[in-house]
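> Sequence first, predicted coordinates after that:
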Amino acid sequence: MKLLRAALLISFSFAAVAHADTKEIWKSKCKSCHGETGKADTKTGKKEKVADMTVAAWKTEWTDDKMKKIILDGSKDNKKMKPFKDKLSAEEVDGLISMIKAFEP
Ligand code: HEC
């Protein structure tokens, strides 16, 4: 029982670290266009008409797979959305996707 508790505690602290990392990545690599909370309420976000990631219609349209593809390969329609496949690991991309899905309106 004690061991189990210790194991749980350790895995929780790992999860916390992973979460903090994802936030840092978002802040340094994504926030300038997509905004702190995904609303694209930034200068570049407005100029490039970046979509608000918090609205229901957006969440329905953008499945995990579609998000993964555009994050890895970039957008053909708007070069501002660059490919991140050389800059982020698979885990980091998954973390970002979970974070985006948790954005609230
Ligand atoms: C320099 C500005 C810029 C940065 C930085 C940026 N994006 Fe984007 N992003 C865009 C633009 C512009 C689009 C819309 C592309 C289009 O119209 O095809 C977009 C589209 C997307 C989409 C598809 C959904 C949509 O509304 O079109 C996802 C998911 C996404 N970005 C995630 C990210 C993530 C994650 C990061 C950081 C790792 C990031 N972006 C960094 C500008 C940016």
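Looks like it came in fine.
> In the chain, where is pLDDT below threshold?
Within the chain, the ranges that satisfy pLDDT under 70 run 1, 8-20.
> Run through the residues of it sitting next to the ligand.
Counting by C-beta under 6 Å from any ligand atom, the chain comes close to the ligand at 29-30, 32-34, 44, 48, 50-51, 62, 67, 70-71, 75, 77-78, 80-81, 84, 96. All C-beta spots, glycine's among them, are computed from the backbone N, C-alpha and C.
> Let me see the ranges of the helices in this structure.
In the chain, the helices defined using DSSP state H lie at 2-25, 31-34, 43-47, 56-61, 64-73, 90-101.
> buried subset of the residues of the chain next to the ligand?
Buried subset of these (neighbour count, 16 or more other C-beta atoms under 10 Å): 29-30, 33-34, 50-51, 62, 67, 70-71, 81, 84, 96.
> Export those as CSV, with columns for distance to residue 105.
Output for those, formatted as CSV (distance: C-beta to C-beta, whole Å):
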residue, distance to residue 105
29, 23
30, 18
33, 19
34, 15
50, 16
51, 13
62, 15
67, 18
70, 21
71, 22
81, 22
84, 25
96, 19
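> Show me which of those is closest to residue 3.
Proximity of these to residue 3 (C-beta to C-beta) peaks at residue 96, which lies at 33.5 Å.
> since we're on the residue lying closest to that closest one once chain neighbours are set aside, how many residues are nearby?
Among residues not flanking residue 96 along the chain, residue 22 sits closest, at 6.0 Å (C-beta to C-beta, 6 or more residues apart in numbering). Here the count is done by other C-beta atoms under 10 Å, and residue 22 has 20 residues near it.
> Begin at 38 from now on, thanks
Done: numbering now begins at 38, and the last item shifts to residue 59.
> Quick check: residue 59 touching residue 136?
Yes: if you go by C-beta atoms under 8 Å, residue 59 and residue 136 touch, sitting 5.2 Å apart.
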